[in-house]
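Asks: need the 3D shape of this:
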Amino acid sequence: MNLNPERPKYHIALSPDGQQVATFNTATLELNVCYTRNLESIKTITFKGFSDIDPSNPRLSWSLAISNSINLGARHDSLIGISCFDVSSNPTNESYFRGLLEDSSDNAEQGRSNKVAPHTWVLSSVYQDRFKTSFDEIGGVIRFLTNPQSHTSDDQDLVLIHEDGISKITIENKYVTRAGNFYRNRSNKPSEDFLFPTVISNQIDTIGDFGDSQPKLQLFHHCIEKHYFLVENFKMDLLEIYDLKNDSELYKTFHARKESFIHANGISIIQISNNDVLMAYCRGSNIISIYLMENTLEIQTKEFPNLYRINSIDFIHNDEKLLLVGEEDNGKGDGSSELITVIVIWDLFSGREDAIRTYHDTEKIIPARPQETYHKFASASGVIVCVNEDNGNIFSIVDHPSLENILNPPPISSAELIQLNFRDAREQTDQIYHPIFTQDGKFFDAKQEPRHLLVVYSTEPWVRYKQYPRTSAYLNNDKDYQVIIGQTTIQVWRRVGDNSNKRTLVYIWASPDNTPIEIHNFSIGNGEFFLDLSYPDTREHFQIHWPHECHVLKDACSALEYLYYRRNEPTSIKKKRMFNTIVSQTSDILRNIIETNPDFWRLTDARYEIMPSLIRGRCVSLIKRILSEGYHGTNFKMGKNLHFPRLHKWPFEPKKSDLQLAIECSGDNRKDTVLVGYLLNYYSDNAMNNSGWMISISQALPDLYDNNMDYYVKEMFHKPCFGAKEVNVDMTFIDPQDLLDAHYQSIRALGVRPALLRKSEMNQAKLKKNLSTIQKISNIKGMLSFQEIAKEAEETIQDKKFGYIHFMILLNEVHHPC
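Replies: Next comes the predicted model:
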């Protein structure tokens, strides 16, 4: 048996908010804490309670955790959890209970004498003393749970994951007396104990058969994320999330792609963004799937073909980037291969060509395989820290100087930009209202230039006077790219062909609420420009650096909404024709992104309010194209959905759904409600694959009736998604008596409680009921011995897909009471 290979010297842990760090030296049993803002200011915790532990014991394993800061009034404290256990002391539950039937008590006693007694300490970093808890005499992987955003209490929830399941205690923050003394018995309450789902129990059994403890510890370390317990159901291609803060109820179920389970070269990784909006999933391969948490829908799946496998995933920089640690197969000339560590930064919502950047970790900044060296690698809330195995020094990954260029890449500029003296141009005695700059920084009056030589002359046909102030600049020496800054818009136009009158809109930005803009800095270069702008009323500055630091997709959608509200302001046929051209060209920008970069569109739809802008802009044909599943043309990239229903906007603020907004923007006639029909059909048709598509429909039903659109409701209720549908339910969620009654009735309502099963629910009364049910189903006659019941029950449970481990625990409680 491989008990503890290469036993780690240091363990490191981060608080759930990423503000505090704890390290533990397993050789000297020294415990240190510090803040992530000052990793060099270390405080040593003096605690003598480890004196009975032999740190040299090869069977000994450790787990470390630290809580968020706790406000005690006069000072702030943090709690530290340390657990030690024997990696081989707890065999799988099935083998353990089989052993109770087969082994003699003498053999069991002899085996236990060689084990390490498990212990768990929960310490106060301020008082440097130990709480008395129900965890004292058990061991396992320890974690402090993240408090949800709605949770305002400083009480700390602590969980221990061990082979018998999950145990949870709550340490209230009122553990200091009025006299300022430490009250160590404050949390001496029974723990809440939960059994693993059958899927996890089966995985533990399979791992135990190989006699290696490390995969089991990896499973325990990676099954807790924030305040959730994560479960992979490979057979059903499902990812299940249980909320440990809410009675361990099943919180969300995600559908995993079948190809995500193929070619797994490592363990699974599930990472939830800090704002609880996104979830990233990787099945030990080089493929990552991104899901929306609120509706469980997959919005993006991306393969990194150069990577052999991905070892860790972290959301950083306000959840707008992913930091991946992977391994690349560096094939050698002699036919052999070597895996080298690679760090990848993925700007999720960027349209830049270098949105994915790679760094080959020749300096060995990060442990070679973080998923296996979890003891010296910790991440939380966008903070990632490592501990040096040789000297115990702590360093931050995201602040490492070697990663600066891939974390915050400099603009891709061909040369230094030239700052334009635009104020001098407008202060000329001749009062130039449209100066146009060239690449050398000089300017001339646009009205003196022949119109056919200009790319564009006027781009705001809703402005009623001709001589409104505007500023232009050519963005190359060929003068076929021109940026023009008007009163409320910024537009970039390109001349198509030499000496051609055909122009194409490349970029457009529009001021919200028709607010005029004021220029503070205007610089240009070859194929780029930089603007520092503000609104005169608020003086709030913002920058646009095209094409590097701007969001073409989001800005174009906002511009279409702006243009819709300006649609009646052009006063002549010529101006109306120009206005329609701008609208059409802006729509073409979006169509081009849909065709060439649909992945970028999907992620942008999850991050920004692009669909609401299109709805308010009444972009019916464009929305129809986005929603239409059959519109593929010759580009098979359109095979995935481009839009997803949401009830929250980034980061996690409640909002009107897109369906509600479409209802609000509709007219009285049915022909004016076509957008509502498109969205209802789109959501309900896709709901056959995932009910998450319906999250906004239930909320919008009252609005449909209030706005006399009940005809859509009647049509929708005839959709296939409202018909009978097969559902896979874990048998442990269903009351056994309901299962028995269902055998005798063609239709039977089942009481389903989707949650982790509590051990406290497994009392003798429950056991007798389960035994009675099993005996009836299996036609067990007469009085049977314990061994006979166990054998018969095992066969029956396996046939009926009951949880073998759960039943054996009950059986043991009756025949071997504590």
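Asks: where does Lys376 fall, phi/psi-wise?
Replies: With angles defined as degrees, to the nearest 10, Lys376 sits at phi -120, psi 20.
Asks: go ahead and confirm it touches Val21.
Replies: No. At 12.0 Å, Lys376 and Val21 do not qualify as touching, with contact defined as CB atoms under 8 Å. For every residue, glycine as well, the C-beta is placed using N, CA and C.
Asks: what about the two, which has more around it?
Replies: Neighbour comparison, Lys376 and Val21: the larger count goes to Val21, with 24 against 21 (by other CB atoms under 10 Å).
Asks: so how far is Ile12 from that one?
Replies: Per CB to CB, to the nearest Å, Val21 is found 7 Å from Ile12.
Asks: kindly report the same for Met694.
Replies: Going from Met694 to Ile12 by CB to CB gives 43 Å.
Asks: neighbour count: the two, which is higher?
Replies: Between Met694 and Ile12, Ile12 has the larger neighbour count (other CB under 10 Å), namely 23 against 18.
Asks: mind checking the SS state of the closest residue to Val463 other than its chain neighbours?
Replies: Excluding its sequence neighbours, the residue lying closest to Val463 (CB to CB, 6 or more residues apart in numbering) is Gln487, at 6.3 Å. Put simply, Gln487 is coil when judged by DSSP: H, G, I helix; E, B strand; the rest coil.
Asks: could we number from 38 for the rest of this?
Replies: Happy to do that; since the first residue is 38 now, the last one works out to Gln524.
Asks: go ahead and confirm Gln524 touches Tyr502.
Replies: No. When contacts are counted by CB under 8 Å, Gln524 is not listed as touching Tyr502 (10.7 Å).
Asks: of those two, who's got more company?
Replies: Counted by other CB under 10 Å, Gln524 and Tyr502 do not tie: Gln524 has more neighbours, with 15 against 6.
Asks: how much space between the more buried one and Arg460?
Replies: Taking CB to CB, one finds Gln524 at 17 Å from Arg460.
Asks: again, but for Val711
Replies: For Val711, the distance to Arg460 - CB to CB - is 49 Å.
Asks: got it, and Arg320?
Replies: Counting by CB to CB - Arg320 and Arg460 are separated by 58 Å.
Asks: which of these two has more neighbours?
Replies: With neighbours defined as other CB under 10 Å, Arg320 and Arg460 compare such that Arg320 has more, 26 against 9.
Asks: kindly state the beta-bridge partners for that one.
Replies: Ser305 (DSSP bridges).
Asks: ok, Ile421 - contacts?
Replies: Shown in contact with Ile421 (CB atoms under 8 Å, 6 or more residues apart in numbering): Asp351, Ile353, Leu360, Phe414, Ala415, Ser433, Ile434, Val435.
Asks: and the first one, helix, strand or coil?
Replies: Put plainly, it is Asp351. Three-state call for Asp351 (three-state DSSP): strand.
Asks: pretty sure it contacts Lys358?
Replies: No. Contact criterion CB under 8 Å: Asp351 and Lys358 do not qualify, at 9.1 Å.
Asks: mind listing the helices for the stretch 388-537 of the chain?
Replies: Secondary structure of the stretch 388-537 of the chain, counting by DSSP state H, counting those that start in this stretch: helices at 441-444, 459-463.
Asks: in the last one, what's buried?
Replies: Put plainly, it is helix 459-463. Buried residues in helix 459-463, counted by 16 or more other CB atoms under 10 Å: Phe459, Ala462.
Asks: which strands and helices sit next to it?
Replies: Judged by 3 or more CB pairs under 8 Å, 6 or more residues apart in numbering; DSSP states H and E, helix 459-463 is in contact with strand 472-474, strand 508-511.
Asks: including mean neighbour count, could those strands go into a markdown table?
Replies: Shown next, in a markdown table, are these (neighbours: other CB atoms under 10 Å):
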| stretch | mean neighbour count |
| --- | --- |
| strand 472-474 | 24 |
| strand 508-511 | 22 |
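Asks: care to break this structure down by domain?
Replies: 44-127+153-259, 682-760, 769-852 (automatic domain parsing).
Asks: what about the second one, start to end distance?
Replies: End-to-end distance of domain 682-760 (CA to CA, to the nearest Å): 21 Å.
Asks: try stretch 382-398
Replies: Where stretch 382-398 begins and where it ends lie 13 Å apart, using CA to CA.
Asks: next, the buried residues of it.
Replies: Those would be 382-389, 392-396, 398, for stretch 382-398 by 16+ other CB under 10 Å.
Asks: picking up where we left off before, what is in contact with Lys413 and Val58 at once?
Replies: Ile49.
Asks: quick one: contacts for Asp351?
Replies: Gln308, Leu359, Leu360, Ser416, Gly419, Ile421.
Asks: from Asp477, how far off is it?
Replies: On the measure of CB to CB, Asp351 and Asp477 end up 46 Å apart.
Asks: can you check Ile350 too?
Replies: Applying CB to CB, the value for Ile350 to Asp477 is 48 Å.
Asks: the more surrounded of these two?
Replies: Counted by other CB under 10 Å, Ile350 and Asp477 do not tie: Ile350 has more neighbours, with 22 against 8.
Asks: and for that one, nearest residue in space, chain neighbours not counted?
Replies: Nearest to Ile350 is Gln308, by CB to CB, 6+ apart, at 4.4 Å.
Asks: again, but for Phe432
Replies: In space, Phe432 is closest to Cys423, 5.9 Å off (CB to CB, 6+ apart).
Asks: tell me what that neighbour is bridged to.
Replies: Phe414, Phe432.
Asks: which ones are touching it?
Replies: Contacts of Cys423 (CB under 8 Å, 6+ apart): Ile49, Ile402, Ile403, Pro404, Lys413, Phe414, Ala415, Ile431, Phe432, Ile434.
Asks: burial of the nearest residue to Gly217 once chain neighbours are set aside, as a residue count?
Replies: Spatial nearest neighbour of Gly217, excluding adjacent residues (CB to CB, 6+ apart): Ala111 at 7.9 Å. Neighbourhood size, Ala111 [other CB under 10 Å]: 7.
Asks: report pLDDT for Ala111.
Replies: With respect to pLDDT, Ala111 has a value of 78.
Asks: distance of it from Asn210?
Replies: Distance from Ala111 to Asn210, by CB to CB: 13 Å.
Asks: can you give me the strands in the stretch 688-837 of the chain?
Replies: 690-691 (DSSP state E, counting those that start in this stretch).
Asks: residue ranges with poor pLDDT in it?
Replies: Low-confidence segments of the stretch 688-837 of the chain, defined by pLDDT under 70: 797-837.
Asks: can we see that at 50?
Replies: In the predicted model, the stretch 688-837 of the chain carries pLDDT under 50 at residues 801-802, 804-805, 808, 811-824, 826-827, 830-831, 833-837.
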